[in-house]
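*Asks:* Whatever this is, show me its structure:
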Amino acid sequence: MNVAELAEGRRLVGFKQVRRELSRDNVRKVFIAADADVSMIQEISRMCSERGVPMETVESMASLGRACVIDRGAATAALQRTTAVKKAYKNIWKEVT
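*Replies:* Below is the predicted model of the structure:
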């Protein structure tokens, strides 16, 4: 795991936050703990593959939590897209719909 990636920019921590932002196409990379619940891993993996978002597996929830600078373990974490990219996606979406 490249901890430096989680230190830069806006990060999302936790299954619900990551799932919500993935559904909004607002994530550029996902980190998932190898010891997370299997159903969480499957759902996040499916969403990442459908959206073409790279996913990296981390050895444990504890190490992912430490990388996110929180006091507990984290099943998932993600790097949020930048504002400029989000605006471009919104403009494209408006053109398509």
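
*Asks:* middle-most residue in the chain, spatially?
*Replies:* Ala78 (2.5 Å; C-alpha atoms, centre = their mean).

*Asks:* Would you mind confirming that it makes contact with Glu21?
*Replies:* Yes: using C-beta atoms under 8 Å, Ala78 is in contact with Glu21, at 6.5 Å. (Each C-beta comes from the backbone N, C-alpha and C, glycine too.)

*Asks:* Mind listing the shared neighbours of these two?
*Replies:* Counting by C-beta atoms under 8 Å, 6 or more residues apart in numbering, the common neighbours of Ala78 and Glu21 are Leu12, Val27.

*Asks:* Just name the shakiest helix or strand of the protein by mean pLDDT.
*Replies:* The helix or strand of the chain with the poorest confidence is helix 83-96; it has a mean of 66 (mean pLDDT, DSSP states H and E).

*Asks:* quick one on the thing from earlier: packing partners for whichever helix or strand the residue nearest to the centre of the chain is part of?
*Replies:* Per DSSP states H and E, Ala78 falls inside strand 76-80. Packing partners of strand 76-80 (3 or more C-beta pairs under 8 Å, 6 or more residues apart in numbering; DSSP states H and E): helix 3-7, strand 11-13, helix 15-23, strand 27-33, helix 61-67.

*Asks:* again, only using 10 Å
*Replies:* Judged by 3 or more C-beta pairs under 10 Å, 6 or more residues apart in numbering; DSSP states H and E, strand 76-80 is in contact with helix 3-7, strand 11-13, helix 15-23, strand 27-33, helix 38-51, strand 55-58, helix 61-67.

*Asks:* so which of those is the most packed in?
*Replies:* Highest mean neighbour count among the helices and strands packed on strand 76-80 (mean count of other C-beta atoms under 10 Å): strand 27-33, with a mean of 23.
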